[in-house]
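A.B. asks: sequence first, then the predicted structure, then my questions.
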Amino acid sequence: MRRITTGIIGASAAVAAVAALAGCGGADSAAGGGDITLKLTDTMSETSAPIYDKIYDACASEQGITVESNHVAGSGLIKTVLQQASSRTLPDVLMLDNPDVQQIAASGALSPLSDYGITGEGFPQGVVDAGTYDGELYGIAPIVNSIGLFYDADKLQAAGIQPPTTWDELADAAARLTTDDTYGIAFSATNSFEGTWQFLPFLWSNGASEDDLTSPEAVEALEFVNRLVQDGSASASVVNWSQNDVNDQFIAGKAAMMINGPWNMPSLEAAEGLNFASVPLPVPSAGDELVAPLGGETFTVPQTGDAERMAAAGEFVKCVTQGENQLTMATGRGAVPSDSEVAQQAAEENPLVASFVETVQSARARTALLGESWPEAATQIYTAEQLALTGSASPADALAQATAD
């Protein structure tokens with residue numbers, strides 16, 4: 001799930017990475033060259049576009065080509081891409097949110113990145129899975145994110161509570177931290193993919209999967225989240241809160257803990273008097289593995305029919321997704337570099353991002369199991385969560401109703 005923010009990773013990490021990693025130069029960088037002009041479409045906002053444009057310009061200059069970037073809102077991109085695919089007017093380089101890669105690859109609109117020597121080597125398996133369709137890598141994400149547990153360190157210390165690591169500890173801490181004017185925990189359970197995104201760590205870490213949402217493990221996961229609302233540890237308003245709303249509640253002191261992502265670090269650091277920290281999300285029981293969802297946008301090379309420009313586009317994507325550029329993007333957007341070694345450098349430089357670096361190493365691509373059918377399951381998940389948390393149905397009945405044909 002993408003959120004645009006400003007930087008969290010220190011400059012010295014970037015310097016170290018530049019020194020340690022090979023750049024995007026060399027003979028291969030000249031692929032295409034000459035008078036080639038590549039058209040690029042990404043989903044960057046006004047805030048993030050300058051960060052990416054600098055990288056685009058540097059890579060284009062190194063290749064001896066021209067790149068014209070077009071920044072569009074992500075919400076309307078897929079419809080536009082499908083129309084462009086049918087009319088053969090796709091750009092030469094296309095950014096896609098990772099859950100959309102399989103749908104577009106299935107349409108035949110993308111070319112395999114292996115054609116350009118891009119393999120995803122050194123990236124966590126979830127990052128590779130997120131860009132893979134039918135055994136071929138079609139998209140590569142230079143930076144990724146996930147979600148974790150933020151907490152007000154002062155509130156936990158005053159209550160004598162350690163950061164929770166299991167569901168029982170989380171429920172106990174949330175209940176003890178709840179007061180007349182503060183909820184113990186805040187999270188997003190809105191009726192959108194954002195609500196699904198926040199529920200997935202509970203579903204997956206409990207051994208449930210999106211292809212069997214009525215399993216005992218799935219019901220148990222929803223029962224746990226529902227319990228937090230029903231016992232008053234979380235506000236009933238979570239069914240209407242976006243992740244931005246959750247962050248606002250936490251900054252305002254209305255929640256002692258929150259489930260959210262690293263893109264919020266800048267606003268949290270800027271909040272006056274807030275002493276916060278983050279840890280990976282708690283798991284059902286001690287020793288269980290956390291399985292969280294993987295967020296991040298991928299770069300792809302569409303099938304344009306122009307072999308020379310496609311080759312140049314492939315080299316351009318290889319350059320843009322190099323390690324030092326990963327650090328630049330992560331610094332500017334509050335994210336984690338995809339390459340595991342570069343991510344570790346980021347964690348060593350800034351401990352605030354360390355818990356997310358840990359989480360993304362085992363994070364799962366949302367489309368890994370169901371591929372292009374993922375959106376249907378995602379809709380069923382947030383529908384069931386809405387039914388349960390509003391008291392319209394028991395967790396078991398909510399999941400049964402949401403998945404009924």
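C.D. replies: Perfect, I can see it now. Numbering: from 1, shown residues only.
A.B. asks: now the end-to-end length of stretch 367-380.
C.D. replies: For stretch 367-380, the first-to-last residue distance is 15 Å (CA to CA, to the nearest Å).
A.B. asks: that stretch - what's its average pLDDT?
C.D. replies: In this model, stretch 367-380 has an average pLDDT of 94.
A.B. asks: residues making contact with it?
C.D. replies: 98-99, 101-103, 106, 126, 129-130, 133, 193, 196, 209-211, 213, 366, 402-403 (CB atoms under 8 Å, 6 or more residues apart in numbering). (Each C-beta comes from the backbone N, C-alpha and C, glycine too.)
A.B. asks: go again using 7 Å as the cut-off
C.D. replies: The contact list for stretch 367-380 (CB atoms under 7 Å, 6 or more residues apart in numbering) reads 99, 102-103, 106, 129-130, 133, 193, 196, 209-211, 213, 366, 402-403.
A.B. asks: and the spatially most central residue of the chain, bridged to which residues?
C.D. replies: When CA atoms, centre = their mean is applied to the chain, the residue found nearest the centroid is residue 295 (1.6 Å). Residue 295 forms beta bridges with residue 145, as assigned by DSSP bridges.
A.B. asks: hmm, back to that, which of the contacts of stretch 367-380 count as buried?
C.D. replies: Among these, those buried by neighbour count (16 or more other CB atoms under 10 Å) are 99, 102-103, 129-130, 133, 193, 196, 209-210, 213, 366, 402-403.
A.B. asks: from those, pick the one nearest residue 60.
C.D. replies: residue 130 (26.0 Å; CB to CB).
A.B. asks: pull the contacting residues for that closest one.
C.D. replies: Residue 130 touches 98, 101, 141, 294, 298, 365, 367, counting by CB under 7 Å, 6+ apart.
A.B. asks: mind doing that once more with 6 Å?
C.D. replies: 98, 294, 365 (CB atoms under 6 Å, 6 or more residues apart in numbering).
A.B. asks: and if you look at residue 148?
C.D. replies: Neighbours of residue 148 in contact, by CB under 6 Å, 6+ apart: 278, 280, 281, 355, 356, 359.
A.B. asks: my guess is residue 268 contacts residue 277. True?
C.D. replies: No. In terms of CB atoms under 6 Å, residue 268 does not count as a neighbour of residue 277; the distance is 9.8 Å.
A.B. asks: higher neighbour count, the two?
C.D. replies: Shown here are residue 268 and residue 277; by other CB atoms under 10 Å, residue 268 has more neighbours (22 against 15).
A.B. asks: what sits closest to residue 281 if chain neighbours are left out?
C.D. replies: Closest residue to residue 281 apart from its sequence neighbours, by CB to CB, 6 or more residues apart in numbering: residue 201 at 4.8 Å.
A.B. asks: secondary structure class for the one you found?
C.D. replies: helix (DSSP: H, G, I helix; E, B strand; the rest coil).
A.B. asks: how many residues are close by it?
C.D. replies: 26.
A.B. asks: any idea how this protein splits into domains?
C.D. replies: The record assigns the chain these domain ranges, following automatic domain parsing: 11-144+296-360, 148-292+370-403.
A.B. asks: which of the ones you listed has the lowest average pLDDT?
C.D. replies: domain 11-144+296-360 (a mean of 87).
A.B. asks: what about it, distance to the chain center?
C.D. replies: 15 Å (CA atoms, centre = their mean, to the nearest Å).
A.B. asks: now stretch 291-305
C.D. replies: The chain centre lies 11 Å from the centre of stretch 291-305; the measure is CA atoms, centre = their mean.
A.B. asks: phi and psi next, for residue 71.
C.D. replies: Main-chain dihedrals, residue 71, degrees, to the nearest 10: phi -100, psi 120.
A.B. asks: buried ones in stretch 157-165, by neighbour count?
C.D. replies: Per 16+ other CB under 10 Å, stretch 157-165 contains these buried residues: 161, 163, 164, 165.
A.B. asks: wait, residue 337 touches residue 326, no?
C.D. replies: Yes. Using CB under 6 Å, residue 337 is in contact with residue 326, at 3.8 Å.
A.B. asks: and the two most separated of the buried ones among the contacts of stretch 367-380?
C.D. replies: Across the buried ones among the contacts of stretch 367-380 (CB to CB), the longest gap, 26.5 Å, separates 133 and 402.
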